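1. Sharing a model that was predicted from the sequence below.
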Amino acid sequence: MRPIHSLPIAPVLALVVAHCGGDVPAPAPPPVVIVTPPAPSPPAIPAGPRPPDAPKVPVATTYHGVTVTDDYAWLEDGADPKVKEWSDGENAYARAILDGLPDRARVRARVAELVGEDSPSYDEIVARGATLFVMKRQPPKQQPFLVTIAASADLATERVLLDPNVLDPSGKTTIDFFVPSRDGKRVAVSLSTGGSESGDVHVYDVATGKERAGDVIPRVNGGTAGGSLAWAGDGGFYYTRYPHDGERPAADLSFYQQVYFHKLGAPTSTDTYAVGKDFPRIAEVELASSADGKVVVARVANGDGGEFALYVHREGGAWAQLSTYADKIVAEEFGPDGTLYLLSHARPRGEILRLSPATAPLAKATVVVPEGDAVIESFLPTATRLYVTDLVGGPSQVRAIPLHGNATKERGVVPIPAVSHVSGAARLGGDDLLVRDESYLEPPAWYRYSAKTGKLEKTALFKKSSADMRDLEVVRESCVSRDQTKVPISIVQAKGAARDGSGFAMLTGYGGFSVSRAPKFRPLTRVLLDQGVVYAEANLRGGGEFGEAWHDAGRVTQKQNVFDDFYACAKLLADEKIAPPAHLAIQGGSNGGLLMGAELVQHPDAFRVVVSHVGIYDMLHYETTFNGAFNVTEYGSVKDEAQFKALYGYSPFHNVREGVAYPSTLFLTGANDPRVNPYNSRKMTARLQAAKAGPNPVLLRTSNDTGHGMGTPLAAEIEEDTDVVAFMLRELGVAWKGAAPAAR
């Protein structure tokens, strides 16, 4: 599972990093239950709107001698007219409440101002000689588009190469990925529609911007195993291929990804098999090639749990396996001279190996960068240096290490802004590079680093924002989880904000798949902060902030640690008099949606509002879905008795209790979601609506034109953000106070 959006993070002005151990001590006594003070009284919901009835149709399944009854299995079939009728009824109920929120119009105006402002942003960059291939987002256009810019980053040289907004004026077509050829004369682009992530590859001539007829490769990208492509020379490329109709049963068409080769100009029917017949059913393949295209590497993930194997191919030779899952090689990069550099997790915080030639046995690899105190996140080799981006509990640092002479002697660090996150890098000539950096305070920008001068200078490729964050501060604190592990939390607030127990807060987190929550500029946070709602973000186990030990302590049978960590962070907000439970909202998405569901059922008195996007809630059935099968290496399987007990112990759907006054809850899902089946949200909503006591609403908002979040049009994003913020403020009892001045 790949992460999606969460509510924006505000900037940081002060940060104190807390130490967090990776080992899991013996469990401590159960946590102290937070006693919820009386909640504020938002305006009563009109008596008219009511959710549709969801009849109970019991279906019993026995796991390892335990019989589990599911009353809402009938909601799993999204094609059933009865399910569609019920889902439409839930949407009508949600809209009746959301559209009637008294402050919705004011919230929408502010959200549209910040999210839809016309300042461009520049995301992914790939350099080919003197040309940069850049993904650009430019509201009010609904989707990002692909442009070329001179390596000098002179905006006068910008030229639109492919704009999906022109291809599809409805705004539903998006670019999944793009890969320029080695000589920069052509670019392969995957295009998908409606949030499906089911992408066909098209090839365009860079000079003319015209598509090459006959070079359309169907379904290279998918919502389960993703997709990838690597040019071999400039006359063709290797690509990921899902089974075609008739090659496997229908239930397997989203699995068994393999690698094929396409020669430019040749019919796709003549494309040839390369490697993959022995890959696992849940293989996810990432392809990369050397600068001359003569060596290609396939990194094969065994699902989403962090296990990888590498296969390598030299022009004129056969594919060979370079590493196994047990070798713990998790990433690779080619140097300009064809040398292969490998990131190993044989040590929890990572070390970098060098292999030359790239097709040599792994045993010939030598350590270039040994394990240190920080966690190695990524790296990029240049002519004579290796630039290593580390995580220091969330923020980044970038080290420059020579590749010749004393390889362990660092050349110092790249002077990136303080407490920021490096989310991209591109090689220029020699040892110079472009670095994409953002912080809680500053919007994302691409900087040019000169190896000769050691200076970092902002280019013209940066985002402007009317969200002025200079009145804010972020305090980095830590709390103690149930098993005495220290868990960091970032608290974003107005400078000098009082801590007297009367404030409001929104807490978010993720805690899975080794995904780290790093500093990020998200102007929408300004909406909450202007209303006096503090923003807090937890760095939970299951993430990658402190290496693989931190990840392992929050996965499979250790998943409950993630939920305990989050609850400890909520308790800290109450103990520090930042916000009591009656003034606290929580929000998360995808794996973070699972987190929301678990917190909802385990600690219903600890939160006033829950907002959960595209979450997994039925943990006993998730692995039977297409993408759920890829998540087994992260969550575990009901086929294993110990893992079943862990899954059943926290599965949100199965732990809803009758007669509990659950918090006000908004579930959001997309009908085209290829990663988390929307039935999770349907079943959880029906179960919660039937079981809950009290007047707090439980709403289900289904978007019929989007998926897991990728490719969501700008207009749909604004409407969704408006519903979330307006619902959250109303249920917290926060009246609209207007907006802070927009001018910087």
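-> Perfect, thanks for sending it.

2. Quick one: neighbours of Ala498, just the number.
-> Here the count is done by other CB atoms under 10 Å, and Ala498 has 11 residues near it. Every residue, glycine included, has its C-beta placed from N, CA and C.

3. what sits up against stretch 452-466?
-> 113-114, 117, 119-122, 125, 134, 149, 153-155, 412, 414-416, 434-435, 443-450, 521, 523, 742-744 (CB atoms under 8 Å, 6 or more residues apart in numbering).

4. Weed out the non-buried ones from these.
-> Among these, those buried by neighbour count (16 or more other CB atoms under 10 Å) are 113-114, 117, 120-122, 125, 134, 149, 153, 414, 416, 434-435, 443-449, 521, 523.

5. re earlier: okay, and which of the contacts of stretch 452-466 map to helices?
-> Taking DSSP state H as the definition of helices, the contacts of stretch 452-466 contribute 113-114.

6. buried stuff in the helix or strand where Leu461 lies?
-> Applying DSSP states H and E as the criterion places Leu461 in strand 456-462. With burial defined by 16+ other CB under 10 Å, the residues of strand 456-462 counted as buried are 456, 459, 461-462.

7. quick one: which of the residues you listed is nearest Gln689?
-> Nearest to Gln689, judged by CB to CB, of those is Phe462 at 46.2 Å.

8. one step back: and the furthest pair within the buried residues of strand 456-462?
-> Leu456 and Leu461 (13.7 Å).

9. If I follow the layout properly, Pro604 ends up in contact with Pro663?
-> Yes: if you go by CB atoms under 8 Å, Pro604 and Pro663 touch, sitting 6.3 Å apart.

10. who's more crowded, those two?
-> The residue with more neighbours, out of Pro604 and Pro663, is Pro663; 27 against 20, by other CB under 10 Å.

11. quick one: contacts for the more buried one?
-> 600, 604, 607-610, 696.

12. With respect to Ala320, which of those residues is nearest?
-> Scanning the contacts of Pro663 for proximity to Ala320, where the rule is CB to CB, the winner is Leu600, at 49.1 Å.

13. Got the confidence number for that closest one?
-> For Leu600, the pLDDT comes out at 97.

14. how close does it get to Ala570?
-> To Ala570, Leu600 is 12 Å away according to CB to CB, to the nearest Å.

15. got any residues that touch both of the two?
-> Taking CB under 8 Å, 6+ apart as the contact rule, the neighbours common to Leu600 and Ala570 are Phe607.

16. What segments of the protein are helices?
-> Under DSSP H, the chain gives helices at 81-98, 104-115, 164-167, 525-530, 548-552, 560-575, 591-602, 632-635, 641-650, 679-691, 714-732.

17. Let me know the average pLDDT across the fifth one.
-> Confidence over helix 548-552 (mean pLDDT, whole number) is 95.

18. From the contact counts, what lies against that helix?
-> Helices and strands touching helix 548-552, by 3 or more CB pairs under 8 Å, 6 or more residues apart in numbering; DSSP states H and E: there are none.

19. Pull out the buried positions in it.
-> Residues of helix 548-552 classed as buried by neighbour count (16+ other CB under 10 Å): 548, 550-552.

20. Go through the residues you listed and say which is closest to Ala374.
-> Distance to Ala374, by CB to CB, is smallest for Trp550 among these, at 12.8 Å.

21. quick one: Pro488 and Val480 touch, right?
-> No: in this structure, Pro488 is not within contact of Val480 by CB under 8 Å, at 11.5 Å.

22. The two: which is more packed in?
-> Set side by side, Pro488 and Val480 show more neighbours around Pro488, with 25 against 15, by other CB under 10 Å.

23. who touches the spatially closest residue to Arg137 that is not a sequence neighbour in this structure?
-> Residue nearest to Arg137 in three dimensions, not counting chain neighbours: Pro144, with 4.4 Å by CB to CB, 6 or more residues apart in numbering. Pro144 makes contact with 123, 135-137, 174-175 under the criterion CB under 8 Å, 6+ apart.

24. next one: Val285
-> Counting by CB under 8 Å, 6+ apart, Val285 has contacts 225, 228, 240, 257-259, 276, 279, 298-301.

25. still on that earlier bit, give me the subset of the contacts of Pro144 that lies in strands.
-> 123, 135-137, 174-175 (DSSP state E).

26. Tell me how many other residues crowd Ala318.
-> Per other CB under 10 Å, the neighbour tally for Ala318 reads 8.

27. same deal with the one 4 residues further on?
-> Leu322 is flanked by 25 other residues according to other CB under 10 Å.
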